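Visitor: Sequence first, predicted model second:
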Amino acid sequence: MSAVPNEAPADAILSCQGLGKQFGAVRALSDVSFFARKGEVTAVIGDNGAGKSTLIRCLVGVHRPSEGVIRFDGQDNPFATPDEARKAGIETVHQNLALVDELTVAQNLYLNREIVRGIGPFRFLDRRAMNRGAQVMLERLSINVPAVKQRVRRLSGGQRQAISICRAVGAGAKLVVMDEPTAALGVQETANVETLIRRLKDEHVSVILISHNFDQVRRLADQVWVMRAGRVVASVRAAETSGNELVALVTGAKQ
Ligand SMILES: Nc1ncnc2c1ncn2[C@@H]1O[C@H](COP(=O)(O)OP(=O)(O)OP(=O)(O)O)[C@@H](O)[C@H]1O
């Protein structure tokens, strides 16, 4: 049940084979094969230092792997930088949310892709169009914020996380990568963000989720990959596993 598949299926959106990463004397990843299916939530779990972030960073062009092949949407070794990954349709929602506090919700949703009208010296930012567009984006994902003109600084942690996810979807992401998206949130806010992650599936957006919360992983994920000491040690369907089994796989009590 926990056997690690060696080949990616035809419906994989992102996959790798034989991936390795060496940082000086530290072997962070060894011979990792992994895939995320289109339209699914794929979780990566493992103890601190297991290699989860390094794997994700290699997949999205932050780190250059020492060896191995990465494939995204049918293309081999597709990106040399995170920017190239973003252009191809992979958005990463970071633990330390990359929102600009002093800008409004709408301005954050349109950050680096502002709507500009006019020509030459008469170019201007079309704030009304961006406010309208922001409202549509938020409604599409049923995200509740007081107003699109509200400064992000005044939002709660859960609302900020929702805005980050909304921005990724608004930017046209085919795949959203989330590293501990609810680690800093309370119970209700966690539930709201989990609902939002489920909604991404309805929008046919694939998700890779790093989480230490095994209950959350079982609630949200379709497939769960378990890492230990830089290796993938198991890949299981979330519906066919239990919290205890995941703990045993992470700690090595179950091989
Ligand atoms: N830039 C780096 N330089 C040197 N070593 C690194 C670097 N990044 C990660 N490592 C090492 O690689 C190993 C895997 O780290 P990684 O951050 O990928 O683990 P993780 O599973 O994401 O852990 P956590 O859950 O604590 O975030 C660790 O031994 C870590 O110290």
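Guide: Yep, that arrived.

Visitor: So which residues of the stretch 51-200 of the chain form helices?
Guide: 52-59, 82-88, 105-109, 127-140, 157-170, 187-202 (DSSP state H, counting those that start in this stretch).

Visitor: for those, which one sits closest to the ligand?
Guide: With Cβ to the nearest ligand atom, the closest approach to the ligand among the helices of the stretch 51-200 of the chain belongs to helix 52-59: 3.3 Å. For glycine as for every other residue, the C-beta is placed from the backbone atoms N, C-alpha and C.

Visitor: Mean confidence (pLDDT) on that closest one, please.
Guide: In this model, helix 52-59 has a mean pLDDT of 95.

Visitor: Kindly format the C-alpha coordinates of stretch 120-136 as CSV.
Guide: The C-alpha trace of stretch 120-136 is given here as CSV (Å, rounded to 0.1, in the frame of the first residue of the first chain):
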residue,chain,number,x,y,z
GLY,A,120,2.3,57.6,-23.6
PRO,A,121,2.2,60.3,-20.9
PHE,A,122,-1.6,59.6,-20.5
ARG,A,123,-1.1,56.1,-19.1
PHE,A,124,-2.9,55.6,-15.8
LEU,A,125,-3.8,52.7,-13.4
ASP,A,126,-7.4,51.8,-13.8
ARG,A,127,-8.3,51.4,-10.1
ARG,A,128,-12.0,51.0,-10.8
ALA,A,129,-11.4,48.1,-13.1
MET,A,130,-9.1,46.5,-10.6
ASN,A,131,-11.5,47.0,-7.8
ARG,A,132,-14.3,45.4,-9.9
GLY,A,133,-12.0,42.6,-11.0
ALA,A,134,-10.9,41.9,-7.4
GLN,A,135,-14.6,41.7,-6.3
VAL,A,136,-15.2,39.1,-9.0
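
Visitor: got the contact list for that stretch?
Guide: Under the contact criterion Cβ atoms under 8 Å, 6 or more residues apart in numbering, stretch 120-136 has outside partners 105-107, 109-110, 114-118, 148-149, 170.

Visitor: Let's see that with 10 Å instead.
Guide: 104-110, 113-118, 145, 147-149, 163, 166-167, 170 (Cβ atoms under 10 Å, 6 or more residues apart in numbering).

Visitor: Name the residues of that stretch that are buried.
Guide: Buried positions in stretch 120-136, judged by neighbour count with 16 or more other Cβ atoms under 10 Å: 130-131, 133-135.

Visitor: residues near residue 242, how many?
Guide: 11 (other Cβ atoms under 10 Å).

Visitor: What are the buried residues along stretch 213-220?
Guide: Result for stretch 213-220 [16+ other Cβ under 10 Å]: buried residues 213-214, 216-218, 220.

Visitor: same thing with stretch 23-42?
Guide: Here stretch 23-42 shows 28-30, 32-42 as buried, counting by 16+ other Cβ under 10 Å.

Visitor: about what we covered before: could you export the buried residues of stretch 120-136 as CSV, including pLDDT and distance to the ligand?
Guide: Converted to CSV, the buried residues of stretch 120-136 look like this (pLDDT from 0 to 100; distance: Cβ to the nearest ligand atom, whole Å):
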residue, pLDDT, distance to the ligand
130, 93, 35
131, 95, 37
133, 94, 35
134, 94, 32
135, 94, 36
